[in-house]
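Student: Here is a sequence with its predicted model. Questions after.
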Amino acid sequence: MIPFSHYQESVDYLQRVTSGFAPRVALVLGSGLGVLGDRVEDPIFVDYKDIPHFPVSTAPGHKGRLVFGRLGGQRVAVMQGRIHGYEGRAAEELVYPLRVLKLMGADTLFVTNACGAVNLDFAPAQLMLIEDHIMLFPMSPLTGENLSELGCRFPDMSKAYTPALRALARKQAEALGIRLQQGVYMYFPGPQYETPAEIRAARALGADAVGMSTVPEVIAAAHMGMQVLGVSLLSNMAAGVLDQPLTEEEVLQMGEACREDFSKLILGCLSGLDHQSA
């Protein structure tokens, strides 16, 4: 159990090094998608390793730093790299950075990832708006004593992905001419890719895509009452769909290929945040 005092010590350090910067939006960038962090205006960079109690990302393609500044007209805190369960971290450590950013002032989470397409109507290099998720593994970041300073013991998850933000993303995608799929993301802990049998099971359960991140963060965000927008890059077809092995290089290459559409969509959603429907 991480004591609340650790979160506060992280917050105090970040407020000192950013001169009291208060982000509105926490933006988590997944594998191969860290480019937006390089577009932040008047950036303040803080490495994870320098923040008290902060977990450090070890995944390929993750820089492992926070970027504070303005993006799309909003005050943002961009996470260039996230923490995964397969790195040997406990569930509550996966969401430690997000909880710190919430305590600094962030009330909205934009969470992104690269994932495998399960829906046979989807294709690599497309973007998917996350409508809901499935998690069948005991990895809830809320396990253990509840931190009442952050939220209630039993948070509702029926609208974890904020309907108004999903509507905003659809509107922005249409205006930008970006094809935006919509679907359900299923969480697998990794680090091994899923087997063909697991993908068939995921499809039977109603999943459209699978990945190794995002869901713990969304659970923590719902616990803290944050608005959430989730966008996935479909970097490959999931195991068994095509007769070829899956590699991490493919994920990173696809992120590079889709960076413009991805960046345009996220920037459009940030700029439209103040005009979203209730």
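Tutor: Everything's here; your move.
Student: Mind telling me what element the most centrally placed residue in the chain is part of?
Tutor: Per Cα atoms, centre = their mean, the C-alpha nearest to the average position across the chain is that of residue 111, at 2.7 Å. With elements delineated by DSSP states H and E, residue 111 resides in strand 108-117, which encompasses its position.
Student: Show me what that strand packs onto, helices and strands only.
Tutor: Taking 3 or more Cβ pairs under 8 Å, 6 or more residues apart in numbering; DSSP states H and E as the contact definition, the neighbouring helices and strands of strand 108-117 are strand 25-29, strand 126-135, strand 209-211, helix 215-223, strand 227-237, helix 248-257, helix 259-271. The way it works is simple: take the backbone N, C-alpha and C, and place the C-beta from them, glycine included.
Student: now the fourth one against strand 25-29, angle please.
Tutor: So the one you mean is helix 215-223. For helix 215-223 against strand 25-29, the angle by axes from the mean of the first three to the mean of the last three Cα atoms, to 10 degrees is 170 degrees.
Student: Next: the second one.
Tutor: Between strand 126-135 and strand 25-29, the angle formed by their directions is 100 degrees, by the same axes, to 10 degrees.
Student: In strand 126-135, which residues are buried?
Tutor: Residues of strand 126-135 classed as buried by neighbour count (16 or more other Cβ atoms under 10 Å): 126-130, 132-133, 135.
Student: in its sheet, what does that strand sit against?
Tutor: Sheet pairing for strand 126-135, assigned by DSSP bridges, gives strand 180-187 (parallel), strand 227-237 (antiparallel).
Student: residue ranges with poor pLDDT in the stretch 151-278 of the chain?
Tutor: Residues of the stretch 151-278 of the chain meeting the criterion pLDDT under 70: 239-257, 276-278.
Student: So residue 97 belongs to a helix, correct?
Tutor: Yes: per DSSP: H, G, I helix; E, B strand; the rest coil, residue 97 lies within a helix segment.
Student: Run a quick neighbour tally on the spatially closest residue to it that is not a sequence neighbour.
Tutor: Nearest in space to residue 97, with sequence neighbours left out and distances taken as Cβ to Cβ, 6 or more residues apart in numbering, is residue 79 at 6.0 Å. Applying other Cβ atoms under 10 Å, we find 28 residues neighbouring residue 79.
Student: same check, this time on the one 5 residues further on
Tutor: Neighbourhood size, residue 84 [other Cβ under 10 Å]: 21.
Student: Please name the nearest non-neighbouring residue to residue 2.
Tutor: The shortest distance from residue 2 to any non-neighbouring residue, by Cβ to Cβ, 6+ apart, is to residue 92 (5.5 Å).
Student: For the one you found, give me the pLDDT.
Tutor: Among the per-residue scores, residue 92 holds a pLDDT of 93.
Student: looking at it, it is touching residue 1, isn't it?
Tutor: Yes: in this structure, residue 92 is within contact of residue 1 by Cβ atoms under 8 Å, at 7.5 Å.
Student: quick one, which of the two is more surrounded?
Tutor: With other Cβ under 10 Å as the criterion, residue 92 and residue 1 differ in neighbour count, and residue 92 comes out ahead with 19 against 9.
Student: And that one, how far from residue 53?
Tutor: From residue 92 across to residue 53, the span is 12 Å (Cβ to Cβ, to the nearest Å).
Student: Kindly report the same for residue 190.
Tutor: Between residue 190 and residue 53 the distance, using Cβ to Cβ, works out to 24 Å.
Student: now do residue 238
Tutor: Using Cβ to Cβ, we find residue 238 at a distance of 35 Å from residue 53.
Student: More neighbours: those two, which one.
Tutor: Set side by side, residue 238 and residue 53 show unequal neighbour counts under other Cβ under 10 Å, the larger going to residue 238 at 30 against 16.
Student: That one - nearest residue in space that isn't next to it in sequence?
Tutor: Of all residues not flanking residue 238 in the chain, residue 116 sits nearest, at 3.6 Å (Cβ to Cβ, 6+ apart).
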